[in-house]
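# this is a predicted model, with the sequence first.
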Amino acid sequence: MVDVGAKAETRRSARACGSIRMQPATLRLILEGTAKKGDVLGVARLAAIQAAKRTAELIPLAHPLALTRVGAEFEADTVRCGVTLTVTVETLGRTGVEMEALTAVSVGLLTIYDMCKAVDRGMRIESVLLLEKKGGKSGHYLHVET
């Protein structure tokens, strides 16, 4: 791991997102809350939060961090037949929380896949990316679509 001991503690945040595309019937099951495994978005929210908290156990060189906030928001898109997950992670520390946000999005979307795979094995996880990062020496990063 990189030595961050000499760095000052600052407020840091990161926001990441990703989406999962599926058949219209699968999206209906999710939105109506009738999936056999239960409340898909509720479970996926908890999975995303847990993943953010356990990132250092999954990513070998990530520092264990005391997170001050993890928020996971879902947006259904009935036109494109999918769900977008946006995760915001915050801490007061010596290193950023980009990996925590990206891990949370990935695990949240994988949880949706797991809970719905019996009815739709063709779901596609797409476009997991860092949207924004604030704090620390490197300053502010904001993703710009090209």
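That came through, no problem.
# please list all residues in contact with the residue positioned nearest the centre of the chain.
Nearest residue to the geometric centre of the chain (CA atoms, centre = their mean): residue 105, 1.8 Å. Listed by CB atoms under 8 Å, 6 or more residues apart in numbering, the contact partners of residue 105 are 16-18, 48, 85-87, 128. (Each C-beta comes from the backbone N, C-alpha and C, glycine too.)
# tell me how far the biggest helix by length in the chain lies from the chain's centre.
Taking DSSP state H as the criterion, the chain has its longest helix at helix 98-116. Chain-centre distance of helix 98-116: 5 Å, with CA atoms, centre = their mean, to the nearest Å.
# same check, this time on stretch 76-87
Chain-centre distance of stretch 76-87: 13 Å, with CA atoms, centre = their mean.
# pull the CA atoms of that stretch into CSV?
What follows is stretch 76-87, C-alpha atoms only, in CSV (Å, rounded to 0.1, in the frame of the first residue of the first chain):
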residue,chain,number,x,y,z
ALA,A,76,-35.4,2.9,-13.3
ASP,A,77,-35.5,3.6,-17.1
THR,A,78,-38.5,2.0,-18.7
VAL,A,79,-37.5,3.2,-22.1
ARG,A,80,-34.1,1.5,-22.1
CYS,A,81,-35.3,-1.3,-19.8
GLY,A,82,-32.7,-0.9,-17.1
VAL,A,83,-31.8,0.4,-13.7
THR,A,84,-29.0,2.9,-12.9
LEU,A,85,-27.3,2.9,-9.6
THR,A,86,-25.5,6.0,-8.3
VAL,A,87,-23.4,5.7,-5.1
